[in-house]
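Trainee: Mind folding the following:
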Amino acid sequence: MGSLDKSWKKRRKKLFFNLIYFYLYMEWNDFHNCLLKSHIYTINNNSELDIVLCGNCQMATIGFILNKLLDYKYNIHIIISWFFENNGFNNFNMFEINRKIKNIVSKCCIFIYHLHINDYGIDATILPNIIDNNCLKLIVPNYRLDYHSDNYLKSLDILKNNIQNSNFSEFNFIIHNHKIVNFFNTCDHVTHYLLFLQSQDIVNKILNNNNIITMNDYYDTNNRSYFKQLNYIILPGKEDITNDISLKTGIKVDSDFFDHFHYYNLEKFDWEKYISSYDDLKNIINKEHAWHHWTNHGINEGRIYIFN
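Mentor: Here you go, the predicted model:
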């Protein structure tokens, strides 16, 4: 009986930490699984006002943050444009999905989107043309920087053009500061903190308050404190700037970096609870080994960070 009690307590503790983590964040894999069922992710606030976001996976994080910043006054609909092509058109009723997408887009009052060069099976290039005349259209930059390859300079030019051709040219501070500030977790994913600032600027445009985001906002301690309290979609991956990358691009190895796991650290890390939460980690025998596993593997696999 005692062993059963211990087993139950262990499972209950694991469930507790997972619930806390899920409350704060949703992993991309969980969001992906939701899309497989619903195709469009909707945060239903029982409002008569609808916001539609259409673009790459960054829109998922922006949508969740906007929901909080706008005080839950809008229904939020998130369309990941490449999702159906990547997961195989044959696995979906594309006729019905397109009908549903066009219906939602045509009735929304705010349409936030990336500029598309492909339709991805959902007419992504023409969706901005079917919205109501009174609808607010906002083009968000597609943030991507290929700092791994010889295409770095070309990729930087594309990023610059994406920013300039959007409604958020003020985010050109990324171009000016990208060698001393690491705005990216991976080539394809900017930091969630930058997406938070992007979301703030979207709110500025919606409210028409003439405020814009600048580099000062990036360093603002109040912004950083508020960001830590938000729940949002976590986009996968975290890459460090290596010496090789720095030599190719000029990006500093020790460039400034801030994101949701910036305030995770070894001192707070409860390594014993971490390894006890996963059966395949039983061979880990010390804190340093456990920390190395979480920072190099666990965070990308969606495993929970457990703190003292």
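
Trainee: Near I251, how many other residues are there?
Mentor: Other residues within reach of I251, judged by other Cβ atoms under 10 Å, total 20. In short, each C-beta sits where N, CA and C put it, glycine included.

Trainee: what's the spacing between W294 and D279?
Mentor: Distance, W294 to D279, by Cβ to Cβ, to the nearest Å: 16 Å.

Trainee: The two: which has the busier surroundings?
Mentor: A count of neighbours by other Cβ under 10 Å puts W294 above the other of W294 and D279, at 24 against 7.

Trainee: Return the set of buried residues in stretch 218-236.
Mentor: Residues 218, 223-224, 227, 230, 232-236 are the ones in stretch 218-236 that count as buried (16 or more other Cβ atoms under 10 Å).

Trainee: Quick one: end-to-end distance for it.
Mentor: Stretch 218-236 has an end-to-end distance of 22 Å (Cα to Cα, to the nearest Å).

Trainee: what mean pLDDT would you report for it?
Mentor: Averaged across stretch 218-236, the pLDDT comes to 90.

Trainee: go on, stretch 121-140?
Mentor: Average pLDDT, stretch 121-140: 97.

Trainee: returning to that earlier point: among the buried residues of stretch 218-236, which lie within strands?
Mentor: 232-234 (DSSP state E).

Trainee: Bridge partners for M26, pull those for me.
Mentor: For M26, the beta-bridge partners under DSSP bridges are I233.

Trainee: Would you mind confirming that it is in contact with F64?
Mentor: Yes: with contact defined as Cβ atoms under 8 Å, M26 counts as touching F64 (7.4 Å).

Trainee: got the contact list for the closest residue to D123 other than its chain neighbours?
Mentor: Spatially, and ignoring its direct neighbours in sequence, D123 is nearest to N98 (6.8 Å; Cβ to Cβ, 6 or more residues apart in numbering). Going by Cβ atoms under 8 Å, 6 or more residues apart in numbering, N98 touches 121-123.

Trainee: Secondary structure class of N98, three-state.
Mentor: helix (DSSP: H, G, I helix; E, B strand; the rest coil).

Trainee: Likewise for I117?
Mentor: Each residue gets one of three states, and I117 gets coil by three-state DSSP.

Trainee: Pull the contacting residues for it.
Mentor: Taking Cβ under 8 Å, 6+ apart, we find I117 in contact with T125.

Trainee: That one and N162: what is the separation?
Mentor: The value you get for I117 to N162, if Cβ to Cβ is used, is 11 Å.

Trainee: out of the contacts of N98, who has the most neighbours?
Mentor: I122 (26 neighbours).

Trainee: In the stretch 1-150 of the chain, where is pLDDT below threshold?
Mentor: The model of the stretch 1-150 of the chain has pLDDT under 70 over residues 1-25.

Trainee: all helices of this structure, in order?
Mentor: Using DSSP state H, the helices assigned to the chain run over residues 2-24, 28-38, 58-69, 83-86, 94-107, 152-164, 173-177, 192-207, 215-219, 221-227, 243-249, 271-276, 287-293, 299-301.

Trainee: The residue positioned nearest the centre of the chain and I76: what is the separation?
Mentor: Compute the mean C-alpha point of the chain, and by Cα atoms, centre = their mean the closest residue is T61, 3.7 Å away. Distance, T61 to I76, using Cβ to Cβ: 12 Å.

Trainee: so what sits against both of the two?
Mentor: By Cβ under 8 Å, 6+ apart, T61 and I76 have no common neighbours.

Trainee: Just say which of the helices of the chain is most tucked in.
Mentor: Per residue and on average, the most neighbours among these fall to helix 58-69, with a mean of 23 (mean count of other Cβ atoms under 10 Å).

Trainee: State the distance from the residue nearest to T295 when sequence neighbours are not counted to C187.
Mentor: Excluding the flanking residues, the one nearest T295 by Cβ to Cβ, 6+ apart is K238, at 7.8 Å. From K238 over to C187 the distance is 12 Å, taken as Cβ to Cβ.

Trainee: circling back: could you export the ones in strands among the buried residues of stretch 218-236 as TSV, including distance to Y113?
Mentor: Below are those laid out as TSV (distance: Cβ to Cβ, whole Å):
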residue	distance to Y113
Y232	19
I233	17
I234	22
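
Trainee: Which one of these is nearest to K268?
Mentor: Nearest to K268 among those: I234, at 18.5 Å, using Cβ to Cβ.
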